[in-house]
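Chemist: Here you go, sequence then predicted model.
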Amino acid sequence: MTRPSWAPEGIDLDRPSASRVYDFFVGGMHNFEIDRVLARQIESFTPNVAETMRANRDLLRRCVRDLVDAGITQFLDLGSGIPTVGNVHEVAQARNPESRVVYVDIDPVAVAHSQAILAGNERASVVRADMADPETILADPEVTRLLDFAQPVAVLLLGVLHFVPDDADPGGCVARLQEAVAPGSYIAITHATADGQPAEVLEAQKLSGRTSTEIVLRGKDEIAAFFGDWPLLEPGLVHLPLWRPENPADVGERPEMSGAYGGLARKE
């Protein structure tokens, strides 16, 4: 196929990318027909999978908006995927042009697309790194160039911790990030759960993951433990549509079908 102008050199156009499948589900334009075919296969047996992914992206927008309004101008987004369709830098910089954003993803396809999208944006960058290696992330030159850890930072872990297996110590990874940021910083987490989910939804969550790592579905108490001793802000840890909805109609009749919990906490 003909390579579109936005597609970086070196990207295989003949194989679907999990990051581009996610992009398709949330309404993005950075995907190919081969990605859309896979997305439709996933959706054929779990019709709500796109709704689940959009619920996660909608929470991201609401969360970033509220953080900017609270005075946050620095964002570290781990497991970012392709930063398109109202992602962190778009929402934050629209509300405060001084906002600085570093995206981190382990997927080379996502990183390559991100570099193309962010070209020319001096206040946003992308780093290829593993969420399970926080020391490397914190020491990366792009991270230290854009983010001042002596000032409050919002650490975004939206839809990424469920790709970190227990033997990689996800709790320890989060704790190291929490330790690195100044008082007044925030941490946002969304995490897939098995709570109340039918078998076909659980299977779709595995297929629709952004990496080849099998998803780890955790219960509410396990997810809450990732926040450590940081107090959760209202409304606490809730199903995605219940987290500060802009309109009560956005919640729907069964918010638990989002298949994930989300919450925001602040370092005192």
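Modeler: Alright, I've got the coordinates. None of the values given here were measured: they were computed from a predicted structure.
Chemist: for the chain, what spans make up the helices?
Modeler: In the chain, the segments counted as helices under DSSP state H are 18-25, 33-45, 49-69, 88-95, 108-118, 134-139, 141-146, 170-180, 199-207, 220-225.
Chemist: Just name the most buried of the ones you listed.
Modeler: Comparing the helices of the chain on average neighbours per residue, with mean count of other Cβ atoms under 10 Å, the densest one is helix 18-25 at a mean of 24. C-beta here means a position set from N, CA and C on the backbone, and glycine is covered the same way.
Chemist: Show me the shaky parts of the stretch 101-250 of the chain.
Modeler: Applying pLDDT under 70 to the stretch 101-250 of the chain flags residues 200-214.
Chemist: re earlier: out of the helices of the chain, the one nearest Gly79 is which?
Modeler: Nearest to Gly79 among the helices of the chain is helix 108-118; the distance by Cβ to Cβ comes to 9.1 Å.
Chemist: one step back: same list, the helices of the chain, but as TSV with distance to Ile82 please.
Modeler: Listed next are the helices of the chain as TSV, based on distance: least, Cβ to Cβ, whole Å:
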stretch	distance to Ile82
helix 18-25	5
helix 33-45	11
helix 49-69	11
helix 88-95	12
helix 108-118	5
helix 134-139	19
helix 141-146	17
helix 170-180	22
helix 199-207	18
helix 220-225	25
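Chemist: Can you check which of the ones you listed gets nearest to Leu240?
Modeler: Leu240 lies closest to helix 49-69 among these, at 4.2 Å (Cβ to Cβ).
Chemist: Tell me the helices and strands packed up against the closest one.
Modeler: If you count contacts as 3 or more Cβ pairs under 8 Å, 6 or more residues apart in numbering; DSSP states H and E, helix 49-69 packs onto helix 18-25, helix 33-45, helix 88-95, strand 154-158, strand 186-192, helix 199-207, strand 260-266.
Chemist: Before I go, just wanted to say thanks for your time.
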